[in-house]
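In: Dropping a prediction and its sequence here:
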Amino acid sequence: MKHLSSLSSGILLGTTGTLLMSALSGCEAPQEQQKNRFLIIEQQANGKYIVVEEVPTDGPNRAIIREKDENGNVVERFMNEEEMKALAEQEYQKVQNGTSETIQDNAGSAGMGLAGTILAVAAGSLLGNMIGNALMNNKNFAQNATNSNRSAYSRSAAGQAAKNASTKKSFFGSTSKSSTSSSLFGG
């Protein structure tokens, strides 16, 4: 009988340990807080805008807008966080009304308007994570955001996000999501 009692205690302990490990490994790290950005946005020949440089910053959001004047000369102007937020809020109202080019099927491949570009790249840091996440759940918005941001940082961050999506963080370290696991009972 002692052998069966010891065996059942071992099974219970093993099962409890397995359940605890499963629960802990299923817990993802909290979502990264949206960082403020310093952007360089460039007007294209078609009049649309794209982000050519993007740098995370601990300071406020801000941008340099490069546009051509009537003589074809490149002119740079500074845009502070309040101006960026005002444009992003205006564009977000258009998203709510269904008229924003950021949610259209064909937008983004050749750039978007200035407000749409700013919203696409910095919605989370300008309007809050909840709005940024809600917008990124829209397939067209996510695609247009990707197309309007051609900065090296954006490409690097996208690569890092894809890498993070393929690993699962747990109390015991990182494990690949594609790895197979076996249970105590051979399953």
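Out: Happy to help now that I have it. Because the structure is predicted, anything quoted here is derived from the model rather than measured.
In: isn't Q44 right next to G113, touching?
Out: No: Q44 is beyond contact range of G113, at 11.2 Å (criterion: C-beta atoms under 8 Å). Placement of C-beta: from N, CA and C, glycine included.
In: Looking at those two, which is more packed in?
Out: G113 (19 against 11; other C-beta atoms under 10 Å).
In: Excluding chain neighbours, what is closest to that one?
Out: Of all residues not flanking G113 in the chain, E101 sits nearest, at 6.3 Å (C-beta to C-beta, 6 or more residues apart in numbering).
In: what's around that neighbour, how many residues?
Out: 23.
In: Quickly note the distance from it to V75.
Out: 24 Å (C-beta to C-beta, to the nearest Å).
In: Can you tell me the SS state at M84?
Out: Three-state call for M84 (DSSP: H, G, I helix; E, B strand; the rest coil): helix.
In: circling back: name the residues contacting each of Q44 and G113.
Out: Residues touching both Q44 and G113 (C-beta atoms under 8 Å, 6 or more residues apart in numbering): there are none.
In: what's near enough to touch I65?
Out: For I65, the contacting residues are I41, Q43, Y49, E76, R77, F78, M79, L114, by C-beta under 8 Å, 6+ apart.
In: State whether it is indeed within a strand.
Out: Yes: if the criterion is three-state DSSP, then I65 is within a strand.
In: separation between it and G116?
Out: Look at I65 and G116: by C-beta to C-beta, they are 14 Å apart.
In: One more: V55?
Out: From V55 across to G116, the span is 21 Å (C-beta to C-beta).
In: cool, and G72?
Out: 24 Å.
In: so where is the chain shaky, pLDDT-wise?
Out: Filtered on pLDDT under 70, the chain yields the residue ranges 1-34, 106-109, 150-187.
In: you'd agree E67 is up against A45?
Out: No: because the distance of 11.5 Å does not satisfy C-beta under 8 Å, E67 is recorded as not touching A45.
In: Of the two, give the one with the bigger neighbour count.
Out: Higher neighbour count among E67 and A45: E67, with 15 against 8, using other C-beta under 10 Å.
In: residue contacts, that one?
Out: For E67, the contacting residues are Q43, V74, V75, R77, by C-beta under 8 Å, 6+ apart.
In: thinking again about what came up before, can you lay out the contacts of I65 as TSV showing distance to V121 and neighbour count?
Out: Shown next, in TSV, are those (distance: C-beta to C-beta, whole Å; neighbours: other C-beta atoms under 10 Å):
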residue	distance to V121	neighbour count
I41	8	25
Q43	15	18
Y49	10	23
E76	18	10
R77	17	10
F78	17	9
M79	12	18
L114	11	20
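In: okay, the residues you listed in TSV with distance to G132 and secondary structure next?
Out: Conversion of the contacts of I65 to TSV gives the following (distance: C-beta to C-beta, whole Å; DSSP: H, G, I helix; E, B strand; the rest coil):
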residue	distance to G132	secondary structure
I41	18	strand
Q43	24	strand
Y49	19	strand
E76	27	strand
R77	25	strand
F78	24	strand
M79	19	strand
L114	18	helix
